[in-house]
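# with the sequence up front, the predicted model follows.
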Amino acid sequence: MRCLIFLYPLFFLIVFLRGKDKQSHKLYNMIILIYFFAGLAASYIFYNLENYRFTQLNFGAICYHLTLIFLLLTPLRKFDQRADMPLANTNQITRMFTIGIIICSIIYIIDGIQYIDIYTILNDVSSLRADLNEGERRTDNNLIGYIAYFYTTLSVAPLVLMFYYLIKHPEKKLLIFILLICSLGTVIVELRFAAREFLIKFVYLSFCLFFILRKKFSKRTKKNIITGGIVLSSILLAVFLLISFLRFGDRSDTSTSLSMLNYFGQGFANFSEGFVTHPDGVFPQKGTGTFPFFAGATRSHFNVDDLVNSNLEMNVFRTIIGSWQLDCGIYWTVIITIIYAFIFNLIGRNKHNNIFSYIYMALVFDFSFSLLFFFHENITGTRLVTYICLFLIDFLSRPKGKQAMVKIQSN
């Protein structure tokens with residue numbers, strides 16, 4: 001039943017058409033449209049790539065997949081309301097948080113940049129993917145390694161802070177430039193594995209945040225952001241095309257253009273296989289992949305032997321839900337999804353307008369990206385820790401009682 005692959009674009013097309021006239025859901029509808037095109041890409045590659053000749057689809061698996069994706073995307077409908085809300089002024093907590101993020105970002109970049117090998121990227125890029133699977137080119141089991149490990153889940157923060165200071169303090173040009181460099185940290189560091197995901201993610205997150213904040217920028221700042229965004233996006237796209245060519249340009253079975261379509265749609269095309277063949281997951285110890293920090297595994301522990309023994313293709317996307325399912329099994333994946341959907345709904349209902357509120361939203365946008373492009377599941381557990389820590393900082397920094405009333409009136 002190869003035609004089942006068309007359920008993906010059909011489902012997202014129906015969701016888009018049902019909500020396209022709702023002005024309060026503009027960003028949500030644009031994200032759904034991206035998923036629709038990903039579904040089209042999945043349909044095309046499923047019929048045109050040799051990789052999928054023997055891949056089986058399952059109706060129950062696709063319905064399961066689409067249901068959980070929809071459950072996680074639905075809270076985004078509330079985020080458009082932020083466009084008309086005023087942004088809170090800078091306070092001591094915001095300044096301290098900014099300094100902390102910059103320090104962690106610099107540590108992360110210094111830790112990762114030492115493993116970037118331009119010669120290998122240009123001449124033997126496939127070996128970098130092998131290093132990724134084997135846990136090479138990363139620092140483990142020391143303070144710097146753990147800071148870098150947890151920072152990856154909060155790497156959206158510099159981008160949010162950059163937009164925040166562009167709105168509130170556009171005169172702080174040096175700080176804004178430093179935050180821009182920090183926001184490109186994952187893009188730079190993940191070149192050690194010739195990873196393309198973070199190039200696309202940066203553009204995606206920047207667009208989502210700019211759309212939410214668009215009414216808060218001055219006309220001049222907005223014009224500069226659009227101009228700079230086009231230039232930077234063009235550079236990132238060029239790097240994406242270069243890496244794609246280096247990885248697939250000399251392959252006879254896959255053209256570079258077809259490999260990019262495969263990159264866009266393979267999360268949907270690959271999901272059913274793991275669902276059907278390993279409904280209880282691949283790993284003997286459930287949660288080792290999703291929560292390696294708590295399971296006693298190091299950052300480099302990707303359970304390669306278990307994946308190899310499963311006879312599943314390793315170097316493919318199955319979306320973050322597919323990664324959960326292979327790690328925790330079908331039923332635990334539902335529970336994890338419900339937990340995250342509950343958190344996302346809380347974020348959507350949050351009426352506060354401080355910097356943390358926008359970081360929460362950026363984390364949800366980051367997650368929505370992972371529902372399309374997601375390679376390894378080992379950062380999921382730390383995301384929960386990130387949410388909890390942010391909630392605590394946010395809660396402790398909020399003015400209480402009469403102080404809160406005075407602050408609201410002053411804003």
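That came in fine, so what should we check first?
# number of nearby residues for G19?
Summarising burial for G19: neighbours were counted as other C-beta atoms under 10 Å, giving 15. For glycine as for every other residue, the C-beta is placed from the backbone atoms N, C-alpha and C.
# what's the pLDDT at it?
The predicted local confidence for G19 comes out at a pLDDT of 80.
# wait, it sits on N29?
Yes: contact between G19 and N29 holds when scored by C-beta atoms under 8 Å: they sit 5.4 Å apart.
# just give the closest residue to E197, not the sequence neighbours.
F373 (5.1 Å; C-beta to C-beta, 6 or more residues apart in numbering).
# quick one: that neighbour from F317, how far?
Between F373 and F317 the distance is 6 Å, computed by C-beta to C-beta, to the nearest Å.
# okay, and the common contacts of the two?
Contact criterion C-beta atoms under 8 Å, 6 or more residues apart in numbering; residues shared by F373 and F317: 263, 267.
# and the next helix or strand past the longest helix seen in the chain?
The longest helix of the chain (DSSP state H) is helix 219-248. Following helix 219-248 in sequence order, the next helix or strand is helix 256-277 (DSSP states H and E).
# send me that following helix as PDB with only the CA atoms.
Provided in PDB are the C-alpha atoms of helix 256-277 (Å, rounded to 0.1, in the frame of the first residue of the first chain):
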ATOM      1  CA  THR A 256      22.100  16.200  -5.100                       C
ATOM      2  CA  SER A 257      18.600  17.700  -5.800                       C
ATOM      3  CA  LEU A 258      16.900  14.400  -5.000                       C
ATOM      4  CA  SER A 259      18.900  14.200  -1.700                       C
ATOM      5  CA  MET A 260      17.700  17.600  -0.700                       C
ATOM      6  CA  LEU A 261      14.100  16.500  -1.300                       C
ATOM      7  CA  ASN A 262      14.800  13.300   0.700                       C
ATOM      8  CA  TYR A 263      16.200  15.500   3.500                       C
ATOM      9  CA  PHE A 264      12.900  17.400   3.500                       C
ATOM     10  CA  GLY A 265      10.500  14.400   3.500                       C
ATOM     11  CA  GLN A 266      12.300  11.400   4.900                       C
ATOM     12  CA  GLY A 267      11.000  11.900   8.400                       C
ATOM     13  CA  PHE A 268       7.500  10.900   7.200                       C
ATOM     14  CA  ALA A 269       8.700   8.200   4.700                       C
ATOM     15  CA  ASN A 270      10.800   6.400   7.400                       C
ATOM     16  CA  PHE A 271       8.500   6.400  10.300                       C
ATOM     17  CA  SER A 272       6.300   3.400   9.600                       C
ATOM     18  CA  GLU A 273       9.300   0.900   9.400                       C
ATOM     19  CA  GLY A 274      10.500   1.400  12.900                       C
ATOM     20  CA  PHE A 275       6.900   1.500  14.300                       C
ATOM     21  CA  VAL A 276       6.000  -1.900  12.700                       C
ATOM     22  CA  THR A 277       9.300  -3.800  13.200                       C
END
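# mind giving me the packing neighbours of it?
With contacts defined as 3 or more C-beta pairs under 8 Å, 6 or more residues apart in numbering; DSSP states H and E, the secondary structure elements packing on helix 256-277 are helix 26-48, helix 59-73, helix 219-248, helix 319-328.
# next, the angle helix 319-328 makes with that helix.
Interaxial angle, helix 256-277 versus helix 319-328 (axes from the mean of the first three to the mean of the last three C-alpha atoms, to 10 degrees): 40 degrees.
# and helix 256-277, which residues are buried?
Neighbour-count burial for helix 256-277, with 16 or more other C-beta atoms under 10 Å as criterion, is recorded at 258-275.
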